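Participant: Got a predicted model here, sequence first, then my questions.
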Amino acid sequence: MLIIKTNLIPKRFDALALRWFILIRPEHAENEDLLAHEELHILQQRRDPLYFWKWLTNKRFRARIEAEAYRVQGLSHASIEHLLHERYDLTISEAREFTKYI
Ligand SMILES: [Zn+2]
C-alpha cells in the first residue's frame with residue numbers, strides 16, 4: 001500500500017482508497033484515524049472482487065462499508081448512525097441496522 005499526498009481527488013473526499021493506493025489531501029496526511037479508515041477500505045477491496053461494482057451500484061453496500069470504516073476510525077455508534085443518516089439518506093433506525101454488528 002502506498003500513501004500519496006495529493007489534492008487531485010474529488011472535492012467531497014479528504015482521502016480515497018484505490019486498491020494499492022491511499023490518496024490523501026496533504027493537510028490530512030498525518031490524520032491516523034482517517035488513514036485507518038482508508039486502510040480498512042483497502043482490505044475491503046481485497047476481500048471482495050466485486051467491491052467497486054457494488055460501490056457504484058448499491059447504496060446499502062456503501063453504507064455498510066462506511067459504517068465499518070467509521071468504526072475503525074474510532075467513531076461511536078451514534079455518530080456513525082448520524083453520518084449514515086445524512087450521507088446515505090437513511091433514517092436513524094435504518095442506519096442502526098448497519099451498526100449492530102460493528
Ligand atoms: Zn470511507
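Facilitator: Okay, I see it.

Participant: what's around residue 17, how many residues?
Facilitator: 22 (other CB atoms under 10 Å). (Glycine included, C-beta is placed from N, CA and C.)

Participant: Which phi and psi values does it adopt?
Facilitator: In this entry, residue 17 is assigned phi and psi values of phi -110, psi 130 (degrees, to the nearest 10).

Participant: nearest residue to it other than its sequence neighbours?
Facilitator: Excluding the flanking residues, the one nearest residue 17 by CB to CB, 6 or more residues apart in numbering is residue 41, at 3.7 Å.

Participant: Which strand or helix spans that neighbour?
Facilitator: Assigned by DSSP states H and E, residue 41 belongs to helix 32-47.

Participant: Identify the residues contacting that helix?
Facilitator: Under the contact criterion CB atoms under 8 Å, 6 or more residues apart in numbering, helix 32-47 has outside partners 1, 3, 14-20, 22, 24, 28, 51-52, 65, 68-70, 72-74.

Participant: Identify each buried residue in that helix, please.
Facilitator: 34, 35, 37, 38, 39, 40, 41, 42, 44, 45 (16 or more other CB atoms under 10 Å).

Participant: if we can go back for a sec, measure the residue nearest to residue 17 to residue 96 for me?
Facilitator: Per CB to CB, to the nearest Å, residue 41 is found 22 Å from residue 96.

Participant: Residue 57 too?
Facilitator: Counting by CB to CB, the gap from residue 57 to residue 96 is 24 Å.

Participant: The two: which is more packed in?
Facilitator: When neighbours are counted by other CB under 10 Å, residue 57 and residue 96 differ, and residue 96 comes out ahead with 16 against 10.

Participant: can you pull out the strands in this structure?
Facilitator: Applying DSSP state E to the chain gives strands spanning 2-5, 15-18, 21-24.

Participant: Can you tell me which helices and strands the first one packs against?
Facilitator: Counting contacts by 3 or more CB pairs under 8 Å, 6 or more residues apart in numbering; DSSP states H and E, the secondary-structure elements packed against strand 2-5 are strand 21-24.

Participant: what does the second one give?
Facilitator: Using 3+ CB pairs under 8 Å, 6+ apart, the elements in contact with strand 15-18 are strand 21-24, helix 32-47.
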